[in-house]
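J.: Give me coordinates for this.
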Amino acid sequence: MTSLLHKFKRGFYVEQLKQLKITEVHGVPVQELSDQELKRALTIARLKEGA
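T.: Residues are numbered from 1 along each chain as shown. Okay, the predicted model is just below:
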């Protein structure tokens with residue numbers, strides 16, 4: 001069950017970044033980022049959108 005939840009979260013983060021037109025971070029495609037890097041990139045992107 002945890003694996004399914006993990007896959008869902010990763011997919012959600014990747015999709016959210018794509019909607020913000022972010023396909024890579026520091027030259028690394030978002031699909032290859034670690035979970036922590038995905039969360040950080042999404043948080044920073046959301047903050048920039050609101051600023």
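
J.: quick one: contacts of whichever strand or helix holds Lys7?
T.: Counting by DSSP states H and E, the element that carries Lys7 is helix 2-19. Contacts of helix 2-19 with the rest of the structure, by C-beta atoms under 8 Å, 6 or more residues apart in numbering, involve Thr23, Val30, Gln31, Asp35, Leu38, Lys39, Ala41, Leu42, Ala45. To be clear about C-beta, it is placed using only N, CA and C from the backbone, and glycine gets the same treatment.

J.: which sections of this structure are below the confidence cut-off?
T.: 1, 51 (pLDDT under 70).

J.: Show me how far the next helix or strand after the helix holding Lys7 is from its chain's centre.
T.: Next helix or strand after helix 2-19 toward the C-terminus (DSSP H and E): strand 24-25. The chain centre lies 9 Å from the centre of strand 24-25; the measure is C-alpha atoms, centre = their mean, to the nearest Å.
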